[in-house]
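A.B. asks: Next input, structure requested:
(chains A and B)
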Amino acid sequence: MASQESPVTRDTAKVMNRADITRRLVARLKDEEAVVGGIGHTNFDLWASGQRPQNFYMLGSMGLAPSIALGVAIAQPKRRVFCLEGDGSMIMHLGSLGTIAMVAPRNLAIVLLDNGIYQITGGQKTHTSHRTDLVGIAAASGIERAEWARDEAHFEAWVDRALAGDGPWLIGVRTDNAPPAGVTDRDPVRIRERFMVGLGVRK
Amino acid sequence: MATESPAKTPWYDTVVAVLKANQVEIVAYVPDKVLAPLIARLHADPYFTMIPVAREEEGLGIATGAWMGGKRTIILMQTSGFATLPNVLASLVIACQIPAILMISERGTMGDHQLAQAIVCRTLVPTLQTLGVEHHRITRPDETEFICDRTIQQAYKTQAPAALILSPLLTNNPAWK
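C.D. replies: Numbers count the residues shown, from 1 in each chain, chains lettered A, B, ... in the order given. I've put the predicted structure just below:
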């Protein structure tokens, strides 16, 4: 698909709405796929997209959502695992992209929601508003399938590719600074327990 | 489990056996000199899934995801690496009740020539105490199996992280070499 057109860059990608993109991803999940959400408005929009037993909402430890998702993917190789992560979080843990590339789990896909700001703290700009391209960093870290989504339809096509396997994937989405569609609960034990039941580890 | 007398079995061989006995399959690590023989033996054994991480924090994230997915993880690090962990311990591992097992090579004491290690060593036990993390220092080969095995089991049964500190008395003592 992208081979016939010039590759999408951060500058040419359409700025989309995070809540809408989250809903589009969730709508394509039909097989109890795990979704690990990073902190901040990333999680708020995941929460607002509807409760799934296989959703995990990380409440602290900024930047570790991809590592948590990697752990789930290693423990359950037959289950597809998605991670939603913001740019401000991802930039804290660039080394984890290399770890993911090294382990290379086929069942893991990271969706980067890049709005270029720390939205929940008042909208201060992150590095990606300046010169940093996190999809480029992912590719240079060794994640072979690292792509920017041109628009919503392109995003959905990448998600379908990720659902078919041959990960790890990193799909970059430019997002706007619209407020999130909801707010998460803040009970970490309850979140963890529901997730473990959803993953079939507990009854 | 140990075919030789406990006093003769190197600590790292005992640790490998205890991990297997407790179904700890995943090993995340940032290496150090003391841990090197343990890491080498774990790498050589197909039972273990070895993940060299870029920072120790990642190892705790991986351990959290793996635990929720039904698998057990140990994270190997040295003292200065542990010093990077208070936030992830507080806000993820303890908050979510994740039984992450930390094995920490104790540097900066009893013979270390590096001032930086000596200073950061002061933060190790007080940080564990402040966070309420169960921790035990292993000083002899013949106590390695008991301390490791019982600490690991308690961590899983109480859903709480635990730290196993490898003292230089164990790892750098001519009496055991």
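A.B. asks: my guess is B:M103 meets B:T73, correct?
C.D. replies: No: B:M103 is not in contact with B:T73 according to CB atoms under 8 Å; the separation is 11.1 Å. C-beta here means a position set from N, CA and C on the backbone, and glycine is covered the same way.
A.B. asks: who's more crowded, the two?
C.D. replies: Counting neighbours by other CB atoms under 10 Å in any protein chain shown for B:M103 and for B:T73 shows that B:T73 has the greater number, 26 against 22.
A.B. asks: Which element, helix or strand, includes the spatially most central residue of chain B?
C.D. replies: The centroid of chain B falls nearest to B:M103 when counting by CA atoms, centre = their mean (0.7 Å). Per DSSP states H and E: B:M103 is located in strand B:101-105.
A.B. asks: Residues contacting the next helix or strand after that strand, please?
C.D. replies: Next helix or strand after strand B:101-105 toward the C-terminus (DSSP H and E): helix B:115-131. Under the contact criterion CB atoms under 8 Å, 6 or more residues apart in numbering or on different chains, helix B:115-131 has outside partners B:79-80, B:82-83, B:86, B:89-90, B:94, B:104, B:106-109, B:112, B:135, B:163, B:165.
A.B. asks: Now that we have these, which of them are buried?
C.D. replies: B:79-80, B:82-83, B:89-90, B:94, B:104, B:106-108, B:112, B:135, B:163, B:165 (16 or more other CB atoms under 10 Å in any protein chain shown).
A.B. asks: out of those residues, which touch chain A?
C.D. replies: Among the buried ones among the contacts of helix B:115-131, the residues that sit close to chain A (CB under 8 Å from any CB of the partner chain) are B:A90.
A.B. asks: Of the buried ones among the contacts of helix B:115-131, which is the nearest to chain A?
C.D. replies: Nearest to chain A among these is B:A90, at 7.1 Å by CB to the nearest CB.
A.B. asks: my read is A:F56 is in a strand, agree?
C.D. replies: Yes: using DSSP: H, G, I helix; E, B strand; the rest coil, the assignment for A:F56 is a strand.
A.B. asks: Okay, and the nearest residue to it once chain neighbours are set aside sits in which element?
C.D. replies: Among residues not flanking A:F56 along the chain, A:F195 sits closest, at 4.4 Å (CB to CB, 6 or more residues apart in numbering or on different chains). Assigned by DSSP H and E, A:F195 belongs to helix A:188-198.
A.B. asks: Please apply the same query to A:F82.
C.D. replies: Assigned by DSSP H and E, A:F82 falls within strand A:81-86.
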